[in-house]
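**Student:** Predicted model and sequence follow; I will ask about them next.
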Amino acid sequence: MIDWPRVSELREEVGAEDFDEVVEIFLEEVEGVINKLAGGDHGQLEQDLHFLKGSALNLGFEEFSGLCLDGERKAADGQAGNVDVAAIIASYQTSKTSFLSGLNEKF
């Protein structure tokens with residue numbers, strides 16, 4: 001679910017002090033888009049999923065990123081109605097919980 005080697009790599013790249021800020025910004029920005037999607041605003045679904053995918057990859061949210069990629073491709077192919085937004089949101093919530101608890105254990 002979480003690519004911990006990627007998380008460690010990012011933490012080393014930005015430094016331990018700045019890593020917490022990176023995580024905070026990530027969560028704020030991603031949750032803004034998640035809340036938008038949860039509220040039924042799918043007007044920019046392809047772009048929103050593209051943003052979520054990239055953000056998720058940077059912080060090691062592998063499963064969530066994969067679901068976003070799949071949804072982005074469907075939306076790009078004109079199949080936005082077939083994107084399981086609820087599953088994407090659920091994956092984010094599960095990944096976030098795993099990530100935050102894992103941070104406490106690993107760092």
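**Tutor:** Structure received. Predicted model, so just to flag it, every value in this text is computed and none were measured.
**Student:** Check what pLDDT E105 gets.
**Tutor:** Here the pLDDT value assigned to E105 is 87.
**Student:** how many other residues sit next to it?
**Tutor:** A count of nearby residues for E105, using other C-beta atoms under 10 Å, gives 7. C-beta here means a position set from N, CA and C on the backbone, and glycine is covered the same way.
**Student:** Now do the SS call for it.
**Tutor:** Using DSSP: H, G, I helix; E, B strand; the rest coil, the structure places E105 in helix.
**Student:** Reduced to three states, what does the residue lying farthest from the centre of the chain come out as?
**Tutor:** When each C-alpha in the chain is compared with the mean C-alpha position (C-alpha atoms, centre = their mean), G78 comes out farthest, at 22.5 Å. For G78, the assignment made with three-state DSSP gives coil.
**Student:** Return the per-residue confidence for it.
**Tutor:** For G78, pLDDT reads 96.
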